[in-house]
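[1] For reference, the sequence and a predicted model appear below.
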Amino acid sequence: MSDASGRPARKPMIEVKGLYKSFGGQEILRGVDLVVEEGTTCVLMGVSGSGKTVLMKHLVGLLQPDRGTVIIDGQDISKLDEAGMDQLRRKLGILFQANALFDSLTVFDNVAFPLRERTKMSEAEILESVNKSLAVVGLTHAAKKFPGELSGGMQKRVGFARAAILQPSILLYDDPTAGLDPLTTASVNEVIFTGKQQLGATSLVITPDVASGFRVGDTLALMHEGRVVQAGLPEEFRRAEHPAVKSFLNTWLQRQNQRPRGGGDAQGTR
């Protein structure tokens, strides 16, 4: 089986259909439609206030839609009870924008935290699992350090190791390169590749960073005023005629051109 572009058809792992959400009479999501296929990385871009974070909260069940459906791995999450939702969340790994690491715990204990909270693994099993996870992100040497002793990029890698420790089938990244310098951003992009290559996970990356989007995304999507106005392959995105897509890309390019030499990566649209 193939899709319209001739690519092999894949199972949808994330399906958002006609999603609406309002707060205090203000409509934030205005009919969001989005599909992320199994084993692929979708990068969802958009300016601040376009609804990206509100959508993310629906995907993990923190918000309920006013209308529409969210289907994760074939399950309509609005129909799940608390026990069912808890089981579903075990399939999800989330890398938060601010990493959400525990400052008072070592790197090892931060990564071990989900195993101690959600499994009955022995300490010997936890030791083996955490060491493997830290090895994947190249941080075995930092196991006894505290988050405050690490660089921003290293903290991101610890956050990924913790998000991936339960071997989720879906990884969600909330603006993972926010506020990072180009070198650290490149390191985070490698982490996203690791999630795909090492875990075979389906990934949704929420970011306004066009360069990262084109580097890591199998597909790209743009949210504008509460809707996904463009979704498809990177080449399709680059050629899109929708005015919001053109404006978004042009604004990013202008900002890149205004940066001092060596201050950014203007080669992101591979």
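    Looks like it arrived, so ask away. Quick caveat, the model's predicted, so the values are computed rather than measured.

[2] Around R10, how many other residues sit close by?
    Applying other C-beta atoms under 10 Å, we find 16 other residues in the vicinity of R10. Every C-beta, even on glycine, is put in place using the N, C-alpha and C of the backbone.

[3] sec struct for it, please.
    Secondary structure state of R10, per DSSP: H, G, I helix; E, B strand; the rest coil, is coil.

[4] For Q198, see how far away it is.
    Separation of R10 from Q198 (C-beta to C-beta, to the nearest Å) stands at 19 Å.

[5] Worst mean pLDDT across the helices and strands of this structure, which element?
    helix 182-199 (a mean of 78; mean pLDDT, DSSP states H and E).

[6] Just the buried positions in the following helix or strand past it, please.
    Moving toward the C-terminus from helix 182-199, the next helix or strand (DSSP states H and E) is strand 202-206. Residues of strand 202-206 classed as buried: 202-206 (neighbour count, 16 or more other C-beta atoms under 10 Å).

[7] If we go by neighbour counts, what in the least confident helix or strand of the chain is buried?
    Those would be 184-192, 194-196, 199, for helix 182-199 by 16+ other C-beta under 10 Å.

[8] Check which helices and strands it sits against.
    Secondary-structure packing of helix 182-199 (3 or more C-beta pairs under 8 Å, 6 or more residues apart in numbering; DSSP states H and E): strand 41-45, helix 152-164, strand 170-174, strand 202-206, helix 210-216.

[9] Turn the ones you listed into a markdown table, columns for distance to K145.
    Formatted as a markdown table, the helices and strands packed on helix 182-199 follow (distance: least, C-beta to C-beta, whole Å):
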| stretch | distance to K145 |
| --- | --- |
| strand 41-45 | 29 |
| helix 152-164 | 9 |
| strand 170-174 | 23 |
| strand 202-206 | 27 |
| helix 210-216 | 26 |
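
[10] follow-up on the earlier one: just want the angle from the least confident helix or strand of the chain to strand 170-174.
    Following axes from the mean of the first three to the mean of the last three C-alpha atoms, to 10 degrees, one obtains 170 degrees for the angle between helix 182-199 and strand 170-174.

[11] residue ranges with poor pLDDT in this protein?
    1-9, 97-99, 258-270 (pLDDT under 70).

[12] most centrally placed residue in it?
    When C-alpha atoms, centre = their mean is applied to the chain, the residue found nearest the centroid is Y173 (2.2 Å).

[13] Please report how far that residue lies from Q230.
    Y173 is 20 Å from Q230, where distance means C-beta to C-beta.

[14] circling back to that earlier point, correct me, but the residue nearest to the centre of the chain touches D209?
    No. Using C-beta atoms under 8 Å, Y173 is not in contact with D209; the gap is 10.9 Å.

[15] which residue ranges form the helices in this structure?
    Remark: helices assigned in the chain by DSSP state H are 52-59, 82-89, 107-118, 123-136, 152-164, 182-199, 210-216, 234-238, 243-258.

[16] any chance of these in CSV, plus distance to P65?
    Output for these, formatted as CSV (distance: least, C-beta to C-beta, whole Å):
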stretch, distance to P65
helix 52-59, 6
helix 82-89, 14
helix 107-118, 27
helix 123-136, 34
helix 152-164, 25
helix 182-199, 27
helix 210-216, 25
helix 234-238, 26
helix 243-258, 23
